[in-house]
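In: Provide a 3D model corresponding to the input given below.
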Amino acid sequence: MMNSNIFLVNLPEHVNKSLLPVLEAESLGNIQLFTTDNITQPLDPPIKNTDYLIFYIEKIDEDSMTLLDLKQNVPTLLITHNLNFEMERTAKAHYIDMVVSENNSELTALIYGFIRQHDIYRFQHALVVDDSRVDSRIVANLLSSEFIRNDIELNSEKVIERLTLTPSVNMLILDYEMPCKDGCQLMQEIKETFLNRPFIFIGLTGSRNGAIKFLTNGADDVFIKPFDNELFTLTLRKLIFNVHKINKDKHTLSDYKKIVNNLSKEISDPIYVLTTVNDCLLEKKVSKEQYNTFKEISLICKEKLSNTFDSLLSYFAVSSYMQKSVLKSYSLQSMISTQLYLESSRDKLHNIIVNKSLDEDIKDLSVPEQIGQVINQLTHDAVLRSHNGGELNIRLYSQNDDIVFEVEHTSLSSSNSEKTTTPFTIEGFPENLLQTESLNQLLCQKIINEYEGSLGVHHKSAGDVHFFKVPKKSFLSRSANH
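Out: Next comes the predicted model:
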C-alpha cells in the first residue's frame with residue numbers, strides 16, 4: 001500500500017469516529033483533517049500533494065454541484081445527506097468520482113474500497129492501439145477519468161518497439177479492425193515476444209466475428225463498438241483487481257519457495273553434521289580431546305534445528321497475523337525495553353554491557369506490533385552474537401524523514417584469553433553452518449517492505465551494525481490516534 005495523503009474535509013464527528021480507526025489500522029496513508037466554510041472549494045487554501053479528497057456537504061443538488069471547484073487529477077469522494085440517482089451521474093462530469101449517502105450502513109467500507117481501488121490503479125499503465133484518432137482518444141479519456149495512466153499508438157507496426165521501450169505498460173486495449181495486422185494478430189505477436197511479461201488484453205471491435213476471435217485467442221474481455229462507458233469501467237475494474245490478486249498470490253508463493261529453500265539448507269546442514277558425528281562415535285574414531293569438540297558441535301546443531309522450527313512457526317504466525325485488518329500499536333520504547341528484559345530474563349546478557357540511545361522525539365511513537373517483531377529479531381540476533389561478552393549499542397533516532405533503529409555489537413578483545421584450542425574439522429562439514437539466512441530474516445524483510453522501508457547491515461571495524469529504516473509518515477497518523 002502506498003503512503004498516500006488523504007484529506008478529510010468537514011466530515012461529521014460520527015463519520016470520523018468510525019472511519020479513522022479503519023484507515024489508520026489499514027495503513028492507507030497520511031490522514032489530514034480539515035474544516036472550511038467555503039463549500040465550493042473543499043481545498044481552500046489549495047493543499048499540495050493531495051492524493052485523495054473525501055469531503056462532506058450536508059445538502060447539495062445538481063446545480064450547486066456544478067459550482068464546486070475540484071481538481072481533475074485527484075480521486076474525490078463526496079458524502080452527503082440527500083443523495084439521488086441524477087446526482088451520481090452529474091458528479092462524474094464535475095470531477096467527483098463517487099457520491100455516498102451519509103446514512104449508508106456501508107459508508108466506511110465504501111470509502112476504504114474507494115481508496116484501495118485507486119491505490120491499485122496507480123500501478124496500471126495502458127496502451128491504447130487503434131488507428132482511429134477519435135476512437136483512441138475516447139478510450140484514453142475514459143482511462144484518464146479512472147486515474148489510469150495511458151498512452152496512444154495509432155500504428156500497429158510500432159507496438160512491439162513501444163512495449164520494449166516502456167516496460168511499465170501492463171494493459172493493452174486493441175482495436176480489431178486495423179491495417180497491416182488486426183488486433184488478434186497483434187495480441188498473438190505480443191504474447192510470443194514477451195513470454196514472461198503479463199498483460200491485460202481488452203479487445204475493441206465493430207463486429208460479432210471480431211469479438212469471437214478476440215475471446216477465442218485469449219483476450220481477457222472484448223467490447224463491441226459503440227460500447228457503454230460505465231460497463232467498460234466496471235469490467236476494467238474487475239480485470240485489474242483479478243490480476244492484482246493473482247500477482248499477490250504469486251508473490252506469496254515466491255515467499256514460500258524461499259522459505260522451503262532456506263528450510264532445506266537450515267535443516268540439512270545440522271542433520272548432516274549430527275549424522276557424521278554419530279558415525280564417528282559408533283566407529284570409535286574419536287579421542288577424548290575430540291569428544292568435547294564433538295559434544296559442542298552437536299549442541300550447536302541441535303540448537304540450530306530448534307531455532308529453525310521456531311522461526312518457521314513464527315513466520316507463518318506473523319505472516320497470517322499481517323493479513324488481519326486491525327493491528328495493535330505500541331510505543332517504540334516499550335518494544336525495545338521489553339525485548340531487552342526478555343533477553344536478560346533468559347540469562348542471555350551475561351557479560352554484555354547494554355547502551356541505549358533513544359531519540360526523545362520518537363521513542364513514544366506508537367507503531368504496529370509487526371515492527372516489534374523486527375526489533376525483537378535484530379536485538380535477539382545481536383545478543384546471540386554476543387555470547388562471549390562485549391557491548392550492545394541500541395540506537396533509535398530520526399534521519400531526515402525516516403525512523404532508524406540500529407543494533408551494534410562490539411566484541412571484547414580476545415587477546416587476554418589464555419586458553420587456546422586446536423582447530424578441529426570433519427571432512428565434508430558444511431561451511432558457515434551458523435550463517436545461513438534465517439527464516440526470521442525473511443519475515444523481517446517482509447514486514448519492512450510492507451512499510452516501504454529498508455533492512456540491512458553496515459560492516460564496521462568495531463563490529464556490524466544491523467538496522468532498519470522506515471519512513472516516519474507510515475506511523476505519524478497512528479501515533480496521533482493514541
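In: check the secondary structure at residue 354 for me.
Out: Secondary structure assignment for residue 354 (DSSP: H, G, I helix; E, B strand; the rest coil): strand.
In: who does it bridge with?
Out: residue 392 (DSSP bridges).
In: what's the burial count for it?
Out: When neighbours are counted by other C-beta atoms under 10 Å, residue 354 registers 16. In this view, the C-beta of every residue, glycine as well, is placed from N, C-alpha and C.
In: so where do the helices sit in the stretch 201-350 of the chain?
Out: Applying DSSP state H, counting those that start in this stretch to the stretch 201-350 of the chain gives helices spanning 208-216, 229-282, 288-321, 332-345.
In: what packs against the shortest one?
Out: Using 3 or more C-beta pairs under 8 Å, 6 or more residues apart in numbering; DSSP states H and E as the contact criterion, the secondary-structure elements in contact with helix 208-216 are helix 183-193, strand 200-205, strand 221-224.
In: in the shortest one, which residues are buried?
Out: Spelled out, that is strand 221-224. Judged by neighbour count (16 or more other C-beta atoms under 10 Å), strand 221-224 contains these buried residues: 221, 222, 223.
In: before we move on, the earlier item: can you redo the helices and strands packed on helix 208-216 as a markdown table with distance to residue 132 and mean pLDDT?
Out: Conversion of those to a markdown table gives the following (distance: least, C-beta to C-beta, whole Å; pLDDT from 0 to 100):
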| stretch | distance to residue 132 | mean pLDDT |
| --- | --- | --- |
| helix 183-193 | 12 | 95 |
| strand 200-205 | 10 | 94 |
| strand 221-224 | 14 | 93 |
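In: from residue 82, how far out is residue 36?
Out: 20 Å (C-beta to C-beta, to the nearest Å).
In: in the stretch 301-450 of the chain, where is pLDDT below threshold?
Out: In the predicted model of the stretch 301-450 of the chain, residues 310-331, 334-335, 337-352, 386-389, 411-440 satisfy pLDDT under 70.
In: count of neighbours near residue 281?
Out: Residue 281 sits with 13 neighbouring residues when counted by other C-beta under 10 Å.
In: and if you look at residue 19?
Out: 19.
In: equivalent analysis for the one 3 residues further on, please.
Out: The criterion is other C-beta under 10 Å. On that basis, residue 22 has 15 neighbouring residues.
In: my guess is it contacts residue 115, does it?
Out: No. The criterion here is C-beta atoms under 8 Å, and residue 22 misses it with residue 115 at 10.1 Å.
In: secondary structure element holding the residue nearest to residue 199 when sequence neighbours are not counted?
Out: By the measure of C-beta to C-beta, 6 or more residues apart in numbering, the closest residue to residue 199 outside its immediate chain neighbours is residue 172, 5.4 Å from it. Using DSSP states H and E, residue 172 sits within strand 171-175.
In: same for that strand, what does it pack against?
Out: Contacting strand 171-175 under the criterion 3+ C-beta pairs under 8 Å, 6+ apart are the following elements: strand 125-129, helix 133-145, helix 183-193, strand 200-205.
In: who's in contact with the longest one?
Out: Residues from elsewhere that reach helix 133-145, judged by C-beta atoms under 8 Å, 6 or more residues apart in numbering: 92, 126, 128-130, 149-152, 154, 173, 175, 204, 225, 229, 232-233.
In: show the subsequent helix or strand relative to it.
Out: From helix 133-145 onward toward the C-terminus, using DSSP H and E, the following helix or strand is strand 149-153.
In: just checking, next helix/strand downstream of that following strand?
Out: helix 159-165.
In: so what touches that next one?
Out: Contacts of helix 159-165 with the rest of the structure, by C-beta under 8 Å, 6+ apart, involve 127, 129, 151, 153, 169, 186, 189, 190, 193, 194.
In: bridged to the fourth one, which residues?
Out: Put plainly, it is residue 153. So, taking DSSP bridges as the rule, residue 153 has residue 129 as bridge partners.
In: point out where the stretch 151-300 of the chain drops to low pLDDT.
Out: Of all residues in the stretch 151-300 of the chain, those with pLDDT under 70 make up the ranges 252-253, 255-256, 259, 262, 265, 285-286.
In: where along the stretch 1-150 of the chain do the strands fall?
Out: Along the stretch 1-150 of the chain, the segments classed as strands by DSSP state E, counting those that start in this stretch run 4-9, 29-34, 52-57, 76-80, 98-101, 125-129, 149-153.
In: mind checking which of these is nearest residue 270?
Out: Residue 270 lies closest, by C-beta to C-beta, to one member of the strands of the stretch 1-150 of the chain: strand 29-34, at 44.6 Å.
In: for that closest one, the distance to its chain's centre please.
Out: Taking C-alpha atoms, centre = their mean, to the nearest Å, one finds strand 29-34 lying 20 Å from the centre of the chain it belongs to.
In: send me it as PDB with only the CA atoms.
Out: Taking only C-alpha atoms (Å, rounded to 0.1, in the frame of the first residue of the first chain), the coordinates of strand 29-34 have been written out as PDB:
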ATOM      1  CA  GLY A  29      -1.700   6.700   4.200                       C
ATOM      2  CA  ASN A  30      -1.200  10.000   5.900                       C
ATOM      3  CA  ILE A  31      -4.500  11.400   7.100                       C
ATOM      4  CA  GLN A  32      -5.300  15.100   7.300                       C
ATOM      5  CA  LEU A  33      -8.400  16.600   8.900                       C
ATOM      6  CA  PHE A  34      -9.700  20.000   7.700                       C
END
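In: partner strands of it, with direction?
Out: Partner strands and pairing direction for strand 29-34 (DSSP bridges) are strand 4-9 (parallel).
In: quick one: the partner strand to strand 76-80, angle?
Out: 30 degrees (axes from the mean of the first three to the mean of the last three C-alpha atoms, to 10 degrees).
In: distance between strand 4-9 and the chain's centre?
Out: Chain-centre distance of strand 4-9: 20 Å, with C-alpha atoms, centre = their mean.
In: for it, what does the pLDDT average out to?
Out: Confidence over strand 4-9 (mean pLDDT, whole number) is 86.
In: tell me the angle that strand makes with strand 52-57.
Out: Using the same axes, to 10 degrees: strand 4-9 against strand 52-57 is 10 degrees.
In: identify the residues contacting strand 4-9?
Out: 16, 19, 23, 28-36, 42-43, 47, 49-56, 115, 119.
In: mind checking which of these are buried?
Out: Among the contacts of strand 4-9, those scoring as buried are 19, 23, 28-31, 42-43, 50-56, 115, 119 (criterion: 16+ other C-beta under 10 Å).
In: still on that earlier bit, which residues touch the residue nearest to residue 199?
Out: Residue 172 makes contact with 126, 127, 129, 187, 190, 199, 200, 201, 202, according to C-beta under 8 Å, 6+ apart.
In: any idea how far it is from residue 187?
Out: As for residue 172, its distance to residue 187 is 7 Å (criterion: C-beta to C-beta).
In: now list whatever residues contact both of these two.
Out: With C-beta under 8 Å, 6+ apart, residue 172 and residue 187 have common neighbours residue 201.
In: could you chop this structure up by domain?
Out: Each domain of the chain is listed here as a residue range: 4-121, 125-227, 325-416+437-482, per automatic domain parsing.
In: for the shortest one, the distance to its chain's centre please.
Out: Right, domain 125-227. Counting by C-alpha atoms, centre = their mean, domain 125-227 is centred 29 Å from the centre of its parent chain.
In: now swap in the first one and tell me
Out: In terms of C-alpha atoms, centre = their mean, the centre of domain 4-121 is set 25 Å apart from its chain centre.
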